[in-house]
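**Student:** Starting from these lines, generate the structure:
(chains A, B and C)
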Amino acid sequence: MDLEKLKRLQEKLKSRVELKKFSSKVRIVAGCDSSFPGGRTLGVCVNISYPGLEIIEISYALLEMRFPYIPTFLSFRELPSLVQAYRQLKYTPDLILVDGQGIAHPRGLGIASHLGVIVGKPTIGVAKSRLFGDFEMSPGPERGSFVYLKNGKSTIGAVLRTRDNVKPVFVSPGNLIDVDSAVEWVLKLGAGYRLPEPTRIADKISKSLIK
DNA sequence: GCGACAG
DNA sequence: ATCTTGTCGC
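**Tutor:** Residues are numbered from 1 along each chain as shown, chains lettered A, B, ... in the order given. As a prediction, the model looks like this:
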C-alpha cells in the first residue's frame, strides 16, 4: 500500500466536502458501524425513524479484510463493507451518522466525510475519542454542554457531553452540514446513552450479528 | 528524534 | 476493533 498516494486521494476528496447549514426535513437517519469477525469486515447500516427513533431496516455486508488499521486511514479499511451495506438499504436516509471522525482529521477527511462524499448525503462523525483538533478545557458536566474542537483558528468539530457526568464524544461534520447543526442533531438523536441511537444501534447489531 | 494516534 | 468476569455506581 502506498500511503502517500492515499494521502493525495484524501486531499482530493476533501475538496468535495461541503459544509453548510442543515435544515432538511428528517424522517430517516442511518447509523453506520463495523466490526471484524475473524479476518473479515462486517459493515452495518441501520435506518432509524425520526422522531420515533425506531428501527426501520437493517443491512450489512461481510467482506475479506483488505487493509490494516492505520490511524488517519481508517476509511480504507472500513468503507468497502460500509458502502456496500449502505447501497443495499431500501430507503434513502436524510442524514447519516458514522462511528468515527468527520472533518476533524489531519487532512480533513475522516470516515464520515469520506462516506458523505461518496454517497452525496449529509453525514456526521461521532467518535468515542479524539484523533485531531485541540480544545482548551473539557465541557461542563451536564448533557448538552460542549466546547469547540479547533485546528488553529478554524472550528472543525465539538467535544460534546451527551449524558450528565459521562465522558464526552467528539462530533464533527462529515459532509453537507456544519458544526452547530451536527451538535444539534447528535443531541436530538440521543436517548439516554452516550452514543446517539443510530450509531449505538448499528454497533449493537454489528456485534450481535457476529454470533 | 519524540509523542500522538478514530476503529 | 478484539481478547474477557465480575463488579461498583447511578
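**Student:** What's opposite the residue positioned nearest the centre of chain A in the beta bridge?
**Tutor:** The C-alpha lying nearest the average C-alpha coordinate of chain A belongs to A:V98 (Cα atoms, centre = their mean; 2.2 Å). Per DSSP bridges, the residues bridged to A:V98 are A:C32, A:G125.
**Student:** if I look at it, how far off is A:L74?
**Tutor:** 10 Å (Cβ to Cβ, to the nearest Å). In this view, the C-beta of every residue, glycine as well, is placed from N, C-alpha and C.
**Student:** anything in contact with each of those two?
**Tutor:** A:I111 (Cβ atoms under 8 Å, 6 or more residues apart in numbering).
**Student:** quick one: average pLDDT of stretch A:138-147?
**Tutor:** Summarised as a single mean, pLDDT over stretch A:138-147 is 96.
**Student:** excluding its backbone neighbours, what's nearest A:P141?
**Tutor:** Nearest residue to A:P141, sequence neighbours excluded (Cβ to Cβ, 6 or more residues apart in numbering): A:N165, at 5.2 Å.
**Student:** typo on my end, A:G43
**Tutor:** A:S81 (3.0 Å).
**Student:** Could I get the buried residue list for the one helix or strand that neighbour maps to?
**Tutor:** Secondary structure assignment for A:S81, by DSSP states H and E: helix A:74-87. For helix A:74-87, burial by neighbour count (16 or more other Cβ atoms under 10 Å) applies to A:74-86.
**Student:** Residue numbers of chain A in contact with DNA strand C?
**Tutor:** Listed as neighbours of DNA strand C in chain A under the rule Cβ under 7 Å from any atom of the strand: A:35-37, A:69, A:99, A:128, A:203, A:207, A:210.
**Student:** Next step: those residues restricted to helices.
**Tutor:** Cross-referencing the residues of chain A next to DNA strand C against helices under DSSP state H gives A:203, A:207.
**Student:** what subset of the residues of chain A next to DNA strand C is also close to DNA strand B?
**Tutor:** The subset of the residues of chain A next to DNA strand C lying close to DNA strand B, counting by Cβ under 7 Å from any atom of the strand, consists of A:69, A:99, A:128.
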